[in-house]
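Student: the following comprises the amino acid sequence and a computationally predicted model.
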Amino acid sequence: MTHAIIVLGNKNDNYGNLSPISKSRCELAYSLLIDKPHSKLICTGGFGRNFNQSPRSHASLNRDYLISLGIAEQVFLEDALSRFTIEDATLTAPLVCAHNLQSVDIVSSDFHMQRVKLIFDYLQPSLTKQFHSSKAFIPEREHVRLQSHESHAIQRDFKSLQTHYRPLV
C-alpha cells in the first residue's frame, strides 16, 4: 500500500452528531475511495472545546460515518487525534512514514483549503499530495464567517510554522 486519503476533521456536537461540513468531507473521501479502491483512509480529529466535547474522538465519529456509507473497517489506518490543522499535518506525518505512503489525497472544505495546502506543503514537502475541497450546504452567512476566520488563521499559522516547526516528511 502506498496511497491514503486523509480526511480532516471539523466539528460535532456534544452527542457525537457530525456537522454538515464533517459529513461533506467524509462523503468526498468516500467518492475518492471508490475511484482509488486500493487506498487506505486516515481520519483526523481528537477532542477540543471548540469542535468536540463528546466522549468519543472526532476521528472515530468520522470513521463510523464512513463505515455507514459502506467502507470496510480494514480500509482505515490509525486515527490522528489532532486539535487543529497544524496538528493534522504533524500527527499524520508519522503515519505516512510508518505505512510507507508515497502519496495522499487530502480532503477538507473549500473555505479551509488554502490553509491546508500551506501547512501540509510546509510540513510534508516531499510527499506527493492532491488536495480535494468539499462544499457543505451551509448558510451563506456561515460560509462568509468561516472564510473570514481562515484569512486570519492563515496569517497566524504561517508565522507559527516559520517560528516553531520544521518539515517532517
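Tutor: It's in. What you see is a predicted model; the values in this text were computed from it and never measured.

Student: surely Lys40 touches Phe76?
Tutor: Yes - contact between Lys40 and Phe76 holds when scored by C-beta atoms under 8 Å: they sit 6.9 Å apart. Where C-beta positions appear, they are placed from N, C-alpha and C, glycine not excepted.

Student: give the residue spans of the chain that score low on pLDDT.
Tutor: Across the chain, the stretches falling below the confidence threshold (pLDDT under 70) are 1.

Student: may I ask you to name the longest helix in it?
Tutor: Residue-count comparison of every helix in the chain, with assignments taken from DSSP state H, identifies helix 140-164 as the longest.

Student: buried sites along stretch 73-92?
Tutor: Taking 16 or more other C-beta atoms under 10 Å as the basis for neighbour counts, the residues of stretch 73-92 that come out buried are 75-77, 79-92.

Student: got the residue ranges for the strands in the chain?
Tutor: 3-7, 40-43, 103-109, 128-134 (DSSP state E).

Student: among those, which is nearest Leu28?
Tutor: Comparison of the strands of the chain against Leu28 by C-beta to C-beta identifies strand 128-134 as nearest, at 4.2 Å.

Student: what's the closest one in contact with?
Tutor: Taking C-beta atoms under 8 Å, 6 or more residues apart in numbering as the criterion, the residues outside strand 128-134 that touch it are 21, 24-25, 27-28, 32, 102-110, 113, 116-117, 120-121.
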